[in-house]
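# Please find the sequence and the predicted model below.
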Amino acid sequence: MSNTHPMVFFAHTRKGYESYRSLGLTATAPLWVTADVLAQDELHGPELSGANVTVFTWTIAPGDTDAVAEAMHTIAEHHPGHTIWAEGTATLD
């Protein structure tokens, strides 16, 4: 059965990356991360073997929704028609 709703995973923290790995998506969903999420050896390590990984050259500060939106726009340009899963957090007052 073909995947009719392809998905791209965007992680801008280590926790987001760990979620991606725990879901077992490395063979099916492209991963986009910010510059501070993965070490160079991890990019070429066995955990990401065969994965489609793109690393932004910049980082995103916690709570910077404008930067997340900009990153998602860039990802959408490269993966038109794909669903983008972007990690997020909520602040409770």
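Done, it's in. Residues are numbered from 1 along each chain as shown.
# Where does the prediction get shaky in this structure?
Along the chain, segments meeting pLDDT under 70 span 1-5, 89-93.
# biggest helix in it by residues?
Ranked by residue count under DSSP state H, the longest helix found in the chain is helix 65-78.
# Tell me how many other residues crowd residue 11.
Neighbour count of residue 11, defined by other Cβ atoms under 10 Å: 21. Any C-beta I mention is one placed from the backbone N, CA and C, and that applies to glycine too.
# Quick one: residues contacting it.
Contact analysis of residue 11 by Cβ atoms under 8 Å, 6 or more residues apart in numbering lists 17, 19, 20, 31, 32, 33, 34, 37, 87.
# From those, keep the buried residues only.
Applying 16 or more other Cβ atoms under 10 Å to these, the neighbour count classes 17, 20, 31, 32, 33, 34, 37 as buried.
# Out of those residues, which sit inside helices?
17, 20.
# Out of the buried ones among the contacts of residue 11, which two sit at the greatest distance?
Largest separation among the buried ones among the contacts of residue 11 by Cβ to Cβ: 20 and 34, giving 13.1 Å.
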